[in-house]
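> Please find the sequence and the predicted model below.
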Amino acid sequence: MNSTCYSLLDELMTNDDKEFFQVLGRRMADYRKAINITQVQLASMLGVSQQVIAAYEAGRRKLPASLLPVLAKLFSVPVDELIGIKESSTKRGPASVLQRQIEQVALLPRAKQKFVMEMLDTVLKQQQCSM
């Protein structure tokens, strides 16, 4: 579908749609900022322009449903939380940096996971020895 068709669909948003996509856009911007990436970097990851990301975050354009799982994985949050169906049961807001890193390590191949665990073990043992 070309951008003219998307523009027409965006113009046909109901008030409920506009409110939903504005809230989703703000949430998306918050999660993006929490992982310290710019609109330009996110646009590059998703294969769109920075202007498209800005329009999503402002709620001026409908975010395609196909991007929801991609964004949820990138932001390390469930899709339900990303779209506002449910909040995290333990706390509000994006996951801590450490939690996101742990989740990202879990996605690595086993050999790289083992390497990261060995590095952590070394650092933790050094810390214990210095106490």
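Noted; the coordinates are in hand. What you see is a predicted model, and the numbers here were worked out from it, not measured in a lab. Numbers count the residues shown, from 1 in each chain.

> what pLDDT does the residue nearest to the spatial centre of the chain get?
Nearest to the geometric centre of the chain sits Phe75, at 2.6 Å (CA atoms, centre = their mean). What the model reports as pLDDT for Phe75 is 90.

> Please name the residues that touch it.
Phe75 makes contact with 31-32, 34-35, 82, 94, according to CB atoms under 8 Å, 6 or more residues apart in numbering. To be clear about C-beta, it is placed using only N, CA and C from the backbone, and glycine gets the same treatment.

> Can you add pLDDT, distance to Ile102 and neighbour count and give these back as CSV?
Listed next are the contacts of Phe75 as CSV, based on pLDDT from 0 to 100; distance: CB to CB, whole Å; neighbours: other CB atoms under 10 Å:
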residue, pLDDT, distance to Ile102, neighbour count
Tyr31, 92, 17, 22
Arg32, 92, 20, 20
Ala34, 89, 15, 17
Ile35, 88, 14, 15
Leu82, 90, 19, 21
Pro94, 59, 14, 20
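
> and those, which of them are in helices?
Mapping those onto helices (DSSP state H) picks out 31-32, 34, 82.

> Break the chain into its domains for me.
3-90, 96-131 (automatic domain parsing).
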